[in-house]
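Colleague: below are the sequence and a predicted model for it; my questions follow.
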Amino acid sequence: MMALGIDYGDARIGVAATDALGMLAHPVETVPAQPWRAALERITAIAVQRGAQCIVMGLPIRQDGTEGTAAEKVRKFAAGLAALLPEGTRMEYQDEYGSTIAAAEQLRAAGRRTHRHRPVIDQAAAVVILQDWLDAHQPPPGL
């Protein structure tokens, strides 16, 4: 299944997509979050172009398991996106706790200076979110 991963932020939105087999997540683009309507339209265009059947939104869950104002913003953005997506496109949420930190560590390990590459970090965080979701939905080995 083709899916997009979204790392929503107030300034930038990282977008990742699955490969053709639906096994691996890859970076796609960093979309400016403002103006909001333009961001929704751009992500919708990416979803349509790639034939995405599912959108996986990173949802910031607190360590105690509750949702705060950041999660509220993500859900509001997801609702706006869902209204523009083709009928039948699923919207799912994946706990994004630590995704940006993991993405920055991966980039540093690859020799990228993270303070100069914020848009790349947003894409990498979307990759982490989507890959976590893919890994959780893979059938057990041998099936």
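Modeller: Thanks, I have the structure now.

Colleague: mind checking pLDDT for the nearest residue to Met23 once chain neighbours are set aside?
Modeller: Leaving out its chain neighbours, the residue that sits closest to Met23 by Cβ to Cβ, 6 or more residues apart in numbering is Leu134, at 6.6 Å. (Each C-beta comes from the backbone N, C-alpha and C, glycine too.) Per-residue pLDDT puts Leu134 at 95.

Colleague: confirm that Leu134 sits in a helix.
Modeller: Yes - counting by DSSP: H, G, I helix; E, B strand; the rest coil, Leu134 falls inside a helix.

Colleague: which non-adjacent residue is nearest Thr18?
Modeller: Leaving aside its sequence neighbours, Thr18 sits nearest to Ala3 (Cβ to Cβ, 6+ apart; 5.0 Å).

Colleague: so who does that neighbour touch?
Modeller: Residues near Ala3 by Cβ atoms under 8 Å, 6 or more residues apart in numbering: Ala17, Thr18, Gly22, Ala52, Gln53, Cys54, Ile55, Val56, Leu130, Trp133, Leu134.

Colleague: OK, contacts around the residue nearest to Met23?
Modeller: Residues in contact with Leu134, defined by Cβ under 8 Å, 6+ apart, are Ala3, Thr18, Gly22, Met23, Leu24, Ala25.

Colleague: before we move on, the earlier item: buried subset of the contacts of Ala3 as a PyMOL selection?
Modeller: A single PyMOL command selects the buried members of the contacts of Ala3 (16 or more other Cβ atoms under 10 Å):
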select buried, resi 17+18+52+53+54+55+56+130+133+134
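
Colleague: strands - which of the contacts of Ala3 land there?
Modeller: Using DSSP state E, the subset of the contacts of Ala3 located in strands is Ala17, Thr18, Cys54, Ile55, Val56.

Colleague: show me what contacts the fourth one?
Modeller: Think Ile55. Counting by Cβ under 8 Å, 6+ apart, Ile55 makes contact with Ala3, Leu4, Ile6, Ala47, Ala78, Leu81, Ala82, Leu85, Thr89, Arg90, Met91, Glu92.

Colleague: which of those count as buried?
Modeller: Buried by 16+ other Cβ under 10 Å: Ala3, Leu4, Ile6, Ala47, Ala78, Leu81, Leu85, Thr89, out of these.

Colleague: all set now, cheers.
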